[in-house]
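Enquirer: Sequence and predicted structure are below.
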Amino acid sequence: MDILPAAIYAIGFLVAVFGGVPFVQAVLARFRSARGGNAKGAGKVIGVFERAIIVPMVFVGAYEAIGLVLAAKSIARFEQLKDRKFAEYYLIGTLASLSFGILVGLLTHMIARAI
């Protein structure tokens with residue numbers, strides 16, 4: 001692999017993983033009152049790991065595997081999802097994070113392949 005496409009993939013990965021933090025925070029800012037009693041900063045850390053798993057899956061075209069991330073998060077939060085306000089907040093954050101990771105992953109992949 002040439003160095004330029006590899007660098008583009010690395011930059012795209014970092015943008016998706018860490019750039020997603022302010023993106024998801026901006027989306028969730030409107031819904032702060034629905035936030036549950038989570039450990040401080042836990043959602044941010046989970047989101048970083050979530051995108052760190054999703055972006056490489058996008059790079060290799062393993063889109064179906066992204067469902068595993070959703071399943072794992074839903075299992076971990078199963079009891080809390082009974083609270084409608086928390087469930088809505090959780091889904092908005094999860095979908096914003098997934099959308100950001102997938103979008104940046106796809107754009108990065110398209111740019112790297114075009115070079």
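Expert: Sure thing, it's come through. Residues are numbered from 1 along each chain as shown.
Enquirer: For L106, give me its contacts.
Expert: Going by Cβ atoms under 8 Å, 6 or more residues apart in numbering, L106 touches V58. Every C-beta, even on glycine, is put in place using the N, C-alpha and C of the backbone.
Enquirer: make it 10 Å
Expert: Residues near L106 by Cβ atoms under 10 Å, 6 or more residues apart in numbering: 12, 16, 55, 58-59, 63.
Enquirer: how many other residues sit next to I8?
Expert: I8 has 20 neighbouring residues, counting by other Cβ atoms under 10 Å.
Enquirer: Apart from its chain neighbours, what residue comes closest to it?
Expert: Once flanking residues are discounted, I8 sits nearest to A112: 4.3 Å by Cβ to Cβ, 6 or more residues apart in numbering.
Enquirer: wait, Y9 sits on F59?
Expert: Yes: Y9 lies in contact with F59 (Cβ atoms under 10 Å); the separation is 6.3 Å.
Enquirer: what sits in contact with each of the two?
Expert: Both Y9 and F59 are in contact with 105, 108-109, 112, where contact means Cβ under 10 Å, 6+ apart.
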